[in-house]
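A.B. asks: Would you be able to build a 3D model of this:
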Amino acid sequence: MKKIFFLLLLLLFVSCNSNRNFCGTYRSNFAQLGFFVTQIKFNTDSTVKFNKAGDLMNEELKGKFKISRNNIAYIEFDKLKYDYALDTLSMGELLEKPIDTNQFQNMPLYDLKFEDGIPYHLKFKIKYNKLLVYNIQTGKIVRRSKGSKNIAKFYLKKIAN
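C.D. replies: Reported below is the predicted structural model:
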């Protein structure tokens, strides 16, 4: 009887895995290539703020996230009004029209993908208050990355709630 009770209690704890424990700010454990630091803030309302900065680059994006049953966080960045509007212009119209480069600020440079019906630009594996990074091209988890001095384990660790 005690074994069944403990088994049910264990199943209850496992099934109650909520976003509240997951939400917070995560930052890369070291600067990739000696320059690039990634920081992500997951909010309890399922919104996310993504920041990747280093050298002469600063990428700040906002969006929303969803967590799958197998502990993968999918991030879909907000699209801007003009994302698709430029695709409808002909080459002649593009040459005649002045281009406003300000409209491309904070525009996601990541392709929209789908997995199990979930749209996403980036995905991360959640494991022990860490986020393991998936490679954009291969879809495999990045185990090691080059830092300023050597190659080391790479992940994003939780720094604040």
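A.B. asks: In this structure, where is pLDDT below threshold?
C.D. replies: In the predicted model of the chain, residues 5-20, 80-109, 148-149 satisfy pLDDT under 70.
A.B. asks: one more time with 50, if that's ok
C.D. replies: By pLDDT under 50, the low-scoring segments of the chain are 17-19, 81-82, 84-86.
A.B. asks: hey, where'd the strands end up in it?
C.D. replies: Counting by DSSP state E, residue ranges of the strands within the chain are 24-28, 37-42, 47-54, 57-67, 72-77, 113-115, 118-120, 122-127, 130-133, 144-146, 151-153, 156-160.
A.B. asks: Now do the second one: which elements does it pack against?
C.D. replies: For strand 37-42, the elements it packs on are strand 24-28, strand 47-54, strand 156-160, judged by 3 or more Cβ pairs under 8 Å, 6 or more residues apart in numbering; DSSP states H and E. For the C-beta atoms, the positions are set from N, CA and C on the backbone; glycine is no exception.
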